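J.: from the sequence below, what's the structure:
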Amino acid sequence: MNRKLRILVVEDETAIRTGLIDVLVYHGYDVDFAEEGNDGLKKAQSGQYDLILLDVMLPGMDGFEICNRVRENDREQPIIMLTAKTSDEDIIQGLSLGADDYVAKPFSVAQLVLRIQAVLRRAKITAEQENQIQLDGDTYVDVRNLNGKRKNTELSFTRREIEILQYLKAHEERPVPREELLTKIWGYAKDLDIETRTVDIHIAKLRRKIEHESSNPVFLVTVRGAGYRLMVA
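T.: Have a look, this model is predicted:
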């Protein structure tokens, strides 16, 4: 018998937490929960969960700090953040700390489940890829070890960032539309109508890491009206 996928729900609002647990159990997941930040961190760091559903506003320790602490030792743990804040600053902060995606409250339960399924599905996909992406003489990405170097600066990447670079590298002859990245990297169905800036924010994160001047990208460029293209020397 196949093992049920385990999800950790870290949410302090009882009604929301109970509703999430009921929905996830209904969809066949094994669900654990934490009501406050410190307990959430302890469980999140245990490595026992296939995905962590993490609220931002928590007593004891907020979701940003939990995400940051988890990512210090595990850059592949799937994490989706729940936030009542929808400003770019808050979204960028969560994704910059390594969350795979975010869902803004109030949210559609059906869409949340679809996004959980997409993140979990993508996390299971493995493919043989080249071990290194050489951008120029001074900049490279070590695919297998999730790190790299830009001149004398050490770089660290999340698994999602590496997957984006790998996909763009595999299709370097053309620009890749953001909708294609959502489908291929995040695993969203093509007809899934989701409003998300996840792709744009991940691209901005990558530019800050690999570009010598993120405001004037030469490796990860935007082709107006067509998508993103990786330009390798």
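J.: restrict the lowest-mean-pLDDT helix or strand in the chain to CA atoms and write it as PDB.
T.: Scoring the helices and strands of the chain by mean pLDDT, DSSP states H and E places helix 88-96 at the bottom, with a mean of 74. What follows is helix 88-96, C-alpha atoms only, in PDB (Å, rounded to 0.1, in the frame of the first residue of the first chain):
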ATOM      1  CA  ASP A  88       4.400  42.900  -3.300                       C
ATOM      2  CA  GLU A  89       6.800  43.400  -0.400                       C
ATOM      3  CA  ASP A  90       5.300  40.600   1.700                       C
ATOM      4  CA  ILE A  91       5.000  38.200  -1.200                       C
ATOM      5  CA  ILE A  92       8.600  38.900  -2.300                       C
ATOM      6  CA  GLN A  93       9.800  38.300   1.200                       C
ATOM      7  CA  GLY A  94       8.200  34.900   1.500                       C
ATOM      8  CA  LEU A  95       9.400  33.700  -1.900                       C
ATOM      9  CA  SER A  96      12.800  35.200  -1.400                       C
END
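J.: show me what secondary structure element comes after that helix.
T.: As assigned by DSSP states H and E, the chain's next helix or strand after helix 88-96 is strand 101-104.
J.: could you list every helix and strand in contact with the least confident helix or strand of the chain?
T.: helix 63-73, strand 79-83, strand 101-104, helix 198-210 (3 or more Cβ pairs under 8 Å, 6 or more residues apart in numbering; DSSP states H and E). For every residue, glycine as well, the C-beta is placed using N, CA and C.
J.: just give me how far that helix sits from the chain centre.
T.: Here helix 88-96 shows a centroid-to-chain-centroid distance of 11 Å under the convention Cα atoms, centre = their mean, to the nearest Å.
J.: roughly how far does K4 sit from T153?
T.: 42 Å (Cβ to Cβ, to the nearest Å).
J.: what residues sit buried inside the least confident helix or strand of the chain?
T.: Neighbour-count burial for helix 88-96 flags D90, I91, I92, Q93, G94, L95, S96 (criterion: 16 or more other Cβ atoms under 10 Å).
J.: just stretch 156-165 next, same as before
T.: F157, T158, R159, R160, E161, I162, E163, I164, L165.
J.: distance check, the last one against L97.
T.: Which is L165. Taking Cβ to Cβ as the measure, L165 falls 19 Å from L97.
J.: also the first one?
T.: Going from F157 to L97 by Cβ to Cβ gives 13 Å.
J.: dump the residue contacts of the nearest residue to R208 once chain neighbours are set aside.
T.: The spatially closest residue to R208, leaving aside those adjacent along the chain, is S214, at 4.8 Å (Cβ to Cβ, 6 or more residues apart in numbering). Residues near S214 by Cβ atoms under 8 Å, 6 or more residues apart in numbering: A204, R207, R208.
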